[in-house]
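Visitor: okay, predicted coordinates and the sequence, questions at the end:
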Amino acid sequence: IAHRLDLPIEEVRQRNLYRTEGDRVTTHYGQAIDADALAEVWNRGVAVSELAERRRQIEAGNATNPSFKRGIGVVPVKLGVGDTRSDRNQATAVVQVMIDGSVTIHLGVASAGTGITDRVRGQVSDLLGLPADRIHAFCGNLDAVPHSTVGHAVDATGLMTQAVAVACQDLKKRLRSVASQLLAASGGGEIEDDAISFSEGKLWAGPRSVPLAQVVESAWRRRVSLIAVGHHRTPKLWWDAEVGGGWPFEYYALGMAVAEVQLDAFTGEIQILRVDLALDLGGSRLSALDIAQATRAFQMGAGWQLSESLRHDGDGAIMNASSESYLPPGFADAALDFRLHDTDPSARVQVDGQRFGTAVESPVILAVAVREAVREAIRSFGAGKDVEDELSVPATPEAVLGALRDLSRRVAEANRQAAQAQAQSGAPNT
């Protein structure tokens, strides 16, 4: 559409974003979209990527370089996080405060290298005011938590942190009650439980405090349970398969990518020059873990778009089952300049006042921006607005060279037809 109308692709995409009013408020299956958060992600990505200026520079450079062409791709994504099967949108965690004041957490999920235990340890550190090295988290122990949350198609980390929060709130309520009695017994008078806070390994009531380990020991002697089971199920979810409508997702992972590539017309090789990702993390800021996961996810998506070509024989068996013939992305395929940007922490509040967001889900899909940039680079070899281009996925060097040859034929045919029409009209040949 953008090519036929001779408009920048980002203008067409922006015009088709969800809105806060009109006929683009909900998805086609009826779930509402936070259009304000989506617009914020889009505007953030356009601004930090310097999109307009870079497009002008790319067009000027392409006009003078016949061998190497650059392209820039722009892709926004809303990715539903959740599963239409409601039983998959729940999580259970067991949190136990040990007699020495340390904490052990068992999570009902298998670890997939997503850093879920580190995130939970950081969460419990904030909730109970303990240093992270006093908190131990474990995944996949079926003896402790027999029912596991699936890690596919749902935000397992988000579900688990909600379950852990429920367990910690129960434990804090019990420990506050014990702490208020200890502080009152030391001559401080009656203290409201809600006035007690947790920090620095102690429970505080104004300037007075008592060590958490002392509170835990006292709770044990008073036969107060130091184990809590937290269970969280995502509310409001429903899906009617017959009508194809409902509210199937916990939330949407929102993101926007701007990717710039350079294409070698002789070899078809592609170099990713710069990538800007704008992500909505649901109110939190990018952590080191978020950065690592988003970078890894985008690189995986770039491999899917550019190099990971599966070949099958006549019987359907995979012919390139090893890295000798199958090309996963490597260090040399990474973007020379990779930048991550988050949005305003007040952008979005979701279920029960909790903020949701993930840095992992959308970058895989946002890597489509790399392929879109390759298409733009290919079209810069002379494709007019009436000439279509075709580029397969993955856009391997062989596929790029094939697309260039096909484009050359299409341009030649379009020029021939234009010249023929001009000759038939009797207009002078310009």
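Guide: Happy to help now that I have it.
Visitor: I figured Val275 hits Ala257, correct?
Guide: Yes. Val275 lies in contact with Ala257 (Cβ atoms under 8 Å); the separation is 6.6 Å. Quick note: C-beta positions are derived from backbone N, CA and C, even for glycine.
Visitor: the residue nearest to Ala91 when sequence neighbours are not counted sits in which helix or strand?
Guide: Among residues not flanking Ala91 along the chain, Leu159 sits closest, at 3.7 Å (Cβ to Cβ, 6 or more residues apart in numbering). Here Leu159 is covered by helix 156-183, with elements defined by DSSP states H and E.
Visitor: pull out the buried residues from the very next helix or strand once past that helix.
Guide: Past helix 156-183, further along toward the C-terminus, the next helix or strand under DSSP H and E is strand 197-199. Buried residues in strand 197-199, counting neighbours by 16 or more other Cβ atoms under 10 Å, are found at Phe198.
Visitor: kindly report the same for stretch 166-173.
Guide: Residues of stretch 166-173 classed as buried by neighbour count (16+ other Cβ under 10 Å): 166-168, 170-172.
Visitor: go on, stretch 23-38?
Guide: In terms of neighbour count (16+ other Cβ under 10 Å), stretch 23-38 has its buried residues at 27, 29, 31, 33-35, 37-38.
Visitor: which strands and helices lie in contact with the helix holding Leu159?
Guide: Applying 3 or more Cβ pairs under 8 Å, 6 or more residues apart in numbering; DSSP states H and E, we find helix 156-183 packed against strand 90-97, strand 103-107, helix 116-128, strand 202-205, strand 208-211, helix 212-221, strand 227-233.
Visitor: okay, buried residues for that helix please.
Guide: Neighbour-count burial for helix 156-183 flags 156-168, 170-172, 174-176, 178-183 (criterion: 16+ other Cβ under 10 Å).
Visitor: before we move on, the earlier item: list just the nearest of the buried residues of stretch 166-173 to Pro146.
Guide: Pro146 lies nearest to Ala167 out of those, by Cβ to Cβ, at 16.2 Å.
Visitor: hang on, isn't the closest one packed against Leu226?
Guide: No. Ala167 is beyond contact range of Leu226, at 11.3 Å (criterion: Cβ under 8 Å).
Visitor: contacting residues for Glu59?
Guide: Glu59 makes contacts with Ser380, as judged by Cβ atoms under 8 Å, 6 or more residues apart in numbering.
Visitor: next one: Cys139
Guide: Applying Cβ under 8 Å, 6+ apart to Cys139 gives the contacts 107, 109-111, 116-117.
Visitor: let me know the pLDDT of it.
Guide: Cys139 is assigned a predicted lDDT (pLDDT) of 92.
Visitor: which SS state does the closest residue in space to Trp220 that isn't next to it in sequence fall under?
Guide: Leaving aside its sequence neighbours, Trp220 sits nearest to Ile99 (Cβ to Cβ, 6+ apart; 6.0 Å). Secondary structure state of Ile99, per DSSP: H, G, I helix; E, B strand; the rest coil, is coil.
Visitor: any shared contact partners between Val275 and Ala257?
Guide: Joint contacts of Val275 and Ala257 (Cβ under 8 Å, 6+ apart) are 298, 369.
Visitor: the residue nearest to Ala91 and Glu250, how far apart?
Guide: 8 Å (Cβ to Cβ, to the nearest Å).
Visitor: do the same with Tyr29
Guide: As judged by Cβ to Cβ, Tyr29 and Glu250 stand 15 Å apart.
Visitor: in the chain, which spans are helices?
Guide: 2-5, 9-15, 35-48, 51-62, 116-128, 156-183, 212-221, 288-306, 361-366, 368-379, 397-425 (DSSP state H).
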